[in-house]
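Visitor: Would you be able to build a 3D model of this:
(chains A and B)
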Amino acid sequence: DVKVTQSSRYLVKRTGEKVFLECVQDMDHENMFWYRQDPGLGLRLIYFSYDVKMKEKGDIPEGYSVSREKKERFSLILESASTNQTSMYLCASSLLYSPGRQNSPLHFGNGTRLTVT
Amino acid sequence: RKEVEQDPGPFNVPEGATVAFNCTYSNSASQSFFWYRQDCRKEPKLLMSVYSSGNEDGRFTAQLNRASQYISLLIRDSKLSDSATYLCVVRDSNYQLIWGAGTKLIIKP
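Guide: A predicted model of the protein is given here:
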């Protein structure tokens, strides 16, 4: 079974703090993703990475950065946390998809519920 | 128009009944399709991939209708434990995953 581990289940931070969310996967997956999920808005992609040191912006990258120094680890950084970044953050990983491997689903960590006060 | 649309529900269904819901997608060149289930305050978990010919996994049946651009999920003999939000996911022609906002299902005893 794929295991995706997020470092914290719950976090409370103050406005302006720098916040690190860590994610580790143990299945040698090429792709890793960071989403946030808010009521009524569904899952929104922040950033993704398809290889070490590679990153691509998702739909809502503003206010976030990422780091992928090792294949198994993908970090999400909030440089200066704001109250509108209060959300559930979900990390996921998958095999690299290609025409011959289209059914490579995402496997999620159990989420980090971040509250910024 | 949203790229992937789902009826948010909630669908309130008595235990033992059959329930079905659809998910429509706008990009006709979409490559692959999935159903995920998400329990309250938990992460989404893969329920099943959706194959062109339709596929079944126990009480769950998934169908793809490319002509009308929708996928469906049918649950037979529903159980209380089926109560969850069901998320539709579509991989588009650029390999990007597009998520629906989910359909909430409540199974009542």
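Visitor: need the residues of chain A near chain B, please.
Guide: A:40-43, A:45, A:90, A:97, A:102-103, A:105-111, A:113 (Cβ under 8 Å from any Cβ of the partner chain). To be clear about C-beta, it is placed using only N, CA and C from the backbone, and glycine gets the same treatment.
Visitor: From residue B:41, how far out is the spatially most central residue of chain A?
Guide: Centroid-nearest residue in chain A: residue A:34, 2.1 Å away (criterion: Cα atoms, centre = their mean). Computed as Cβ to Cβ, to the nearest Å, the residue A:34 to residue B:41 distance reads 19 Å.
Visitor: How about residue B:5?
Guide: Taken as Cβ to Cβ, the span from residue B:5 to residue B:41 is 24 Å.
Visitor: Chain neighbours aside, what residue packs nearest to residue A:104?
Guide: residue A:95 (4.1 Å; Cβ to Cβ, 6 or more residues apart in numbering or on different chains).
Visitor: where do the helices sit along chain B?
Guide: With DSSP state H, there are no helices along chain B.
Visitor: in it, what spans have low per-residue confidence?
Guide: B:1 (pLDDT under 70).
Visitor: and it, which residues reach chain A?
Guide: When proximity is defined by Cβ under 8 Å from any Cβ, chain B lies next to chain A at B:8, B:31-32, B:34, B:41-46, B:49, B:87, B:89, B:91, B:95, B:97, B:99-102.
Visitor: hmm, try it at 6 Å
Guide: Contact residues (Cβ under 6 Å from any Cβ of the partner chain) of chain B with chain A: B:31, B:32, B:34, B:43, B:44, B:46, B:49, B:95, B:99, B:101.
Visitor: What about the fifth one, how many residues nearby?
Guide: Taking other Cβ atoms under 10 Å in any protein chain shown as the neighbour definition, residue B:44 ends up with a count of 28.
Visitor: tell me the contacts of it?
Guide: Residue B:44 makes contact with A:108, B:36, B:38, B:87, according to Cβ atoms under 6 Å, 6 or more residues apart in numbering or on different chains.
Visitor: No more questions from me, cheers.
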